[in-house]
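Trainee: Sequence first, then the predicted structure, then my questions.
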Amino acid sequence: MPTNRGKRETIAEGIYKDKGGYECVVTVGSGKTRRSKAKRFNRGTGMREMTDWQDRTLGLLRKKAPKATTGTLAQWTRDYLKGKTSMPSFEARRADAEAWHPAFGERAPASLTKNELQQQMNTWHEAGVAGSTLNHRKTALRAVLAEFLDEDAPNPTKGLTRYPEADVVPRALSPEVISEIIDAMPPSKSRAMLKVMAATGHPPERQRKLVPLHVQLEQRRVFLVSRKKGKGTSGRWYALTTEGVKAYREFVDLHAWGGVTKEALYTCFLRGVAAANRARA
């Protein structure tokens, strides 16, 4: 990679900004199977153009890269995570992927079956694990296996149950009460996301897709990318109120890019309720 373009700023996974423009990088595999490709883009290039290049190039690299044929699930997970440390939600992804290790960590990944993975998810569900956590664990395992399995090999995570996910903030609370609860929370990425949600209505799943280019506080606007839920929505700029600007300022200051899990948001909210009740008492 070039080293004479000054300080680089990470604006999204594998996308870096420097004084000359942008550099996009994609990587698959690790160790002897590691393959990378980089491309420069001029200043002013849109995020969509760069992420489209990443998606196309990632597909080509995965087709060409040699696949792992031996090792355990724990080894595959470690190799997968080595190439994902720049993910804003890296710690959450690591926890979700490693949750499978007590049951299957020493198994050869190719020997895993959909039925036994579903049984493990059922066991977690019966033990009270949140639906959002179960869905994230499934996503993490699918990503690990997809990284190393041959392209035509079946991925045993396909078709696993997707569990309902509870709303983060109860809808019956008044804006005043929600503000009281949020103000009782210590600063954190979770509080920043809840504050944005309360001030703007922008849900956590859309906040997690934000990158620095999407938040323009001086212009009092934020860009939300398109989504497929329901009838879908197109990506566009949204104007911000004064409260919205304050909320997103905290989001930016706390580097909440990539967000946190729904479970973390819910836990933070419950702690805020407890703190607000203590203050009232």
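Mentor: Alright, I've got the coordinates.
Trainee: how far is whatever helix or strand residue 80 lives in from where the chain is centred?
Mentor: Applying DSSP states H and E as the criterion places residue 80 in helix 73-82. Average the C-alpha atoms of helix 73-82, do the same for its chain, and the two points are 18 Å apart (C-alpha atoms, centre = their mean, to the nearest Å).
Trainee: The host helix or strand of residue 244: what's the following helix or strand?
Mentor: Secondary structure assigned from DSSP H and E places residue 244 in helix 242-253. Heading C-terminal from helix 242-253, the first helix or strand you meet, by DSSP H and E, is helix 262-280.
Trainee: outside of the helix holding residue 244, which residues touch it?
Mentor: Counting by C-beta atoms under 8 Å, 6 or more residues apart in numbering, helix 242-253 makes contact with 187, 191-193, 195-196, 198-200, 207, 210, 212, 215, 217, 220, 222, 240, all of which sit outside it. Just so you know, the C-beta spots here come from the backbone N, C-alpha and C atoms, and that holds for glycine as well.
Trainee: Swap in 7 Å and give it another go.
Mentor: Where contact means C-beta atoms under 7 Å, 6 or more residues apart in numbering, the residues beyond helix 242-253 that reach it are 192, 195-196, 199-200, 215, 217, 220, 222, 240.
Trainee: tell me which of those residues is nearest to residue 175?
Mentor: Looking at the contacts of helix 242-253 and their distance to residue 175, the nearest is residue 199, at 9.3 Å (C-beta to C-beta).
Trainee: what's the burial count for the closest residue to residue 239 other than its chain neighbours?
Mentor: Nearest-residue entry for residue 239: residue 221, 5.5 Å, with adjacent residues in sequence omitted and distances by C-beta to C-beta, 6 or more residues apart in numbering. Using other C-beta atoms under 10 Å, residue 221 is surrounded by 17 other residues.
Trainee: Ok, the one 3 residues further on next?
Mentor: By the measure other C-beta under 10 Å, the count of residues near residue 224 is 19.
Trainee: For burial, what's the neighbour tally of the closest residue to residue 97 other than its chain neighbours?
Mentor: When the adjacent residues along the chain are set aside, residue 97 lies closest to residue 140, with 4.0 Å between them (C-beta to C-beta, 6+ apart). As a burial measure, residue 140 scores 23 neighbours (other C-beta under 10 Å).
Trainee: tell me which strands and helices the stretch of helix or strand residue 140 belongs to is in contact with?
Mentor: Secondary structure assigned from DSSP H and E places residue 140 in helix 131-148. Under the contact criterion of 3 or more C-beta pairs under 7 Å, 6 or more residues apart in numbering; DSSP states H and E, helix 131-148 touches helix 73-82, helix 90-98, helix 114-126, helix 262-280.
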